[in-house]
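S.K.: compute the structure for the input listed below.
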Amino acid sequence: MRNKHGELLIDVKSQMSQASNKILIDDFRQVKSKENKDILLMQVPNIKEQGYYAGMASLKAYLKKELPIINLFCIDSISSYLEILTKEQLEGSFGLDFNTFTKQGDYLNLGSYDEMNNIVGRVCDDINKYNPYILGFSIIDGNIDSTLYLAKQIKNRFKNIEIILGGKGTDLLLGGIMPARYENNTYRYDYREWDFVDYIVYGDGELPLYQLFTTKRTVKELSKIKGLIFRLNNKWNGWKSPRLTFDGENEKYSKLDFSKMPIPDYSDFRGVAAFEKIHGGTIPITLSRGCPFKCSFCSIPTVVENFNYRDIDGQSGCIAELEQWYNRGNRDFFFQDSIINFRPDWLVELCETIIAKNWDPIHWGGNMRLMKPMRDYDTLKLYHKAGLWQMITGLESAAPKVLRHMKKYSSIEGIREIFDNIRKINNNREAGEMPMRVFLQLIGGYINESEEDFQMTVDFVKEYSDVIYQITSYSVFLLWKPLVDRWESEGNWINFKNEVEWETEYNNLDMRLDRAKRIEQVFKDLGLTYNLYLREKTSSNYDKKSLQSFEEENL
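M.R.: Residues are numbered from 1 along each chain as shown. Here you go, the predicted model:
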């Protein structure tokens, strides 16, 4: 229920026994009902990679534990609509602009698409259904523009809703670690010009969201919330950064101790068609947040500065979460971390604990970094016995010189030992055991990849094609600015126009495209399932789309 001013009304007297979680009477008042939600969270899906539900599930679990009198509901209003669009719509101009990397900042132009206006209608229907006080969007680099267009349209229709942006995509906004700029050095996402967003969170979102409900709505008090910038009385306020100065004195990033996080709450997504399609009978599990490694091409260590991981044991530990799902009859899991083996000794302990449970066989997979401990056969066998059967791994290249510059494990001898171990496990597995499947990720045309280096990767794929279950991605390298800066600081020459169009002494755009075409033929000859990426297009042997066709469309 709202009063005549549109303010949310909370019956605080009935909740005062929860003294540690008091809601401020002058800010949030509501007569509680099961139908009315205080917070709605959503994420605009990526057309190619839907299903970023983990962050929202963590936020829901945290707020349910720390502030149980507040209702939070996660929704997915858009994925079901994308399912009914044609391939031409998804791969045409709408799809490219909806999840854009090449036209960032032109979000108002999305209004020219009927598809986008249909999406706005669907989201507004959900808002009418739940009548939230706060609407939160989780953003990533590819959905910023579609999110901003949605936020603006929603604010036009629902003046009293407060809109908050969170997620790692905020680091591309003004004041973030990697703010997107135009060629004239102005910012693409200067929120000081926005009147349709009320809050932006940099860093972990759990604490700022909690504190919004337990802090007076004054500049002085809100400025104490770490990682929060906010619009109050039509003026933006927040932390002081090296780039910009704001009113307020709070620290830039919100950081949370992830080890004691409650078990993520996926209840709002269970039964949702998009969630079930993505995960099927597989349960998503999050073991950690961020990544401790510093691969030169990856933004995660930069934008997720606060890497930490959950406890194995304990009431909200990893085993407790697995056991919760196991007791409901689930046996298949996907660990959706950036890296599972972030600490090899931690992973060994997790595997030993799983085995000690004497459960019926469970199966799990996830992203694993090729590392020295995996050269030990018994270690890999332990992983397999505990249930590992799908290993997504970023080999990226089989050239030591390239791997060293990428800051990856660069011992090709060691990598071969790892793949030999996997081959041995598969050849000697017992009846009923699942084979260990390798989903390989490769990068073509890295900044210092020569033709000889490229051929090393081709030869490696041929040598271990029996171990490789799928080429999950062969990505023609997109060069981000921090790596350009590093390359130049090392005294190297580069002609850089943008992330796609650049040239070093080792390769240029034409050479990178030619290598992609040649390795695609290798994948076909070997009968490997593959996905090959260039800009926004995908070439794969699922849809028989050739590299030549998307070259012609994009260049």
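S.K.: please count neighbours and contacts with C-alpha atoms only from this point.
M.R.: Fine.
S.K.: off-centre distance for stretch 440-458?
M.R.: Put simply, stretch 440-458 sits 25 Å off its chain's centre (Cα atoms, centre = their mean, to the nearest Å).
S.K.: alpha carbons only: can I get that stretch in PDB?
M.R.: The C-alpha trace of stretch 440-458 is given here as PDB (Å, rounded to 0.1, in the frame of the first residue of the first chain):
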ATOM      1  CA  LEU A 440      38.400 -26.000 -24.800                       C
ATOM      2  CA  GLN A 441      38.600 -22.200 -25.100                       C
ATOM      3  CA  LEU A 442      41.100 -20.700 -27.500                       C
ATOM      4  CA  ILE A 443      42.100 -17.200 -28.400                       C
ATOM      5  CA  GLY A 444      43.300 -16.500 -32.000                       C
ATOM      6  CA  GLY A 445      45.500 -13.600 -33.000                       C
ATOM      7  CA  TYR A 446      46.700 -12.500 -29.500                       C
ATOM      8  CA  ILE A 447      48.700  -9.300 -29.600                       C
ATOM      9  CA  ASN A 448      52.100 -11.200 -29.900                       C
ATOM     10  CA  GLU A 449      50.900 -14.300 -31.800                       C
ATOM     11  CA  SER A 450      53.000 -15.100 -34.900                       C
ATOM     12  CA  GLU A 451      52.100 -17.600 -37.600                       C
ATOM     13  CA  GLU A 452      54.500 -20.100 -35.900                       C
ATOM     14  CA  ASP A 453      52.600 -19.600 -32.600                       C
ATOM     15  CA  PHE A 454      49.300 -20.100 -34.400                       C
ATOM     16  CA  GLN A 455      50.500 -23.400 -35.900                       C
ATOM     17  CA  MET A 456      51.500 -24.600 -32.400                       C
ATOM     18  CA  THR A 457      47.900 -24.300 -31.300                       C
ATOM     19  CA  VAL A 458      46.600 -26.100 -34.500                       C
END
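S.K.: flag every buried residue along it.
M.R.: By neighbour count on 16 or more other Cα atoms under 10 Å, the buried set for stretch 440-458 is 440-450, 453-458.
S.K.: over to stretch 67-79?
M.R.: Quick answer for stretch 67-79 (16+ other Cα under 10 Å): 67, 69-79.
S.K.: turn the residues you listed into a markdown table, including distance to residue 236.
M.R.: Shown next, in a markdown table, are the buried residues of stretch 67-79 (distance: Cα to Cα, whole Å):
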| residue | distance to residue 236 |
| --- | --- |
| 67 | 27 |
| 69 | 29 |
| 70 | 26 |
| 71 | 27 |
| 72 | 26 |
| 73 | 27 |
| 74 | 27 |
| 75 | 28 |
| 76 | 29 |
| 77 | 29 |
| 78 | 30 |
| 79 | 33 |
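S.K.: just the ones of the buried residues of stretch 440-458 in helices?
M.R.: Of the buried residues of stretch 440-458, the ones assigned to helices by DSSP state H are 453-458.
S.K.: now, which of the residues you listed sits nearest residue 290?
M.R.: Checking these against residue 290 with Cα to Cα, the nearest one is residue 457 at 27.9 Å.
S.K.: pLDDT, distance to residue 341 and secondary structure added to the buried residues of stretch 67-79, as TSV?
M.R.: Listed next are these as TSV, based on pLDDT from 0 to 100; distance: Cα to Cα, whole Å; DSSP: H, G, I helix; E, B strand; the rest coil:
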residue	pLDDT	distance to residue 341	secondary structure
67	88	33	coil
69	84	37	coil
70	85	36	coil
71	86	35	coil
72	89	32	strand
73	91	32	strand
74	91	30	strand
75	90	31	coil
76	88	31	coil
77	89	34	coil
78	90	34	coil
79	87	31	helix
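S.K.: and which of these is nearest to residue 223?
M.R.: Of these, the one sitting nearest to residue 223 (Cα to Cα) turns out to be residue 67, at 21.0 Å.
S.K.: isn't residue 284 right next to residue 336, touching?
M.R.: Yes - look at residue 284 against residue 336 with Cα atoms under 8 Å: they come within range, at 6.4 Å.
S.K.: what about residue 530, helix or strand, and which?
M.R.: strand 529-534 (DSSP states H and E).
S.K.: residues near the nearest residue to residue 354 once chain neighbours are set aside, how many?
M.R.: Closest residue to residue 354 apart from its sequence neighbours, by Cα to Cα, 6 or more residues apart in numbering: residue 386 at 6.1 Å. Here the number of neighbours of residue 386 (other Cα atoms under 10 Å) works out to 23.
S.K.: tell me who's in contact with residue 386.
M.R.: Residue 386 is in contact with 351-352, 354-355, 361-363, counting by Cα atoms under 8 Å, 6 or more residues apart in numbering.
S.K.: of those residues, keep whichever come out buried.
M.R.: Applying 16+ other Cα under 10 Å to the contacts of residue 386 flags 351, 354-355, 362-363 as buried.
S.K.: re earlier: other SSEs contacting the strand holding residue 530?
M.R.: strand 468-476, helix 509-526, strand 537-540 (3 or more Cα pairs under 8 Å, 6 or more residues apart in numbering; DSSP states H and E).
S.K.: okay, the angle between it and helix 509-526?
M.R.: 170 degrees (axes from the mean of the first three to the mean of the last three Cα atoms, to 10 degrees).
S.K.: quick one: strands adjacent to strand 529-534?
M.R.: strand 468-476 (parallel), strand 537-540 (antiparallel) (DSSP bridges).
S.K.: that older thread, quick check, pLDDT for the residue nearest to residue 354.
M.R.: pLDDT recorded at residue 386 is 96.
S.K.: just to revisit the earlier point, comparing the strands paired with strand 529-534 by mean pLDDT, which bottoms out?
M.R.: Among the strands paired with strand 529-534, strand 537-540 scores lowest, at a mean of 44.
S.K.: low-confidence ranges in this protein?
M.R.: Across the chain, the ranges flagged by pLDDT under 70 are 1-37, 48-52, 101-102, 182-185, 239-255, 274, 278-280, 302-305, 535-555.
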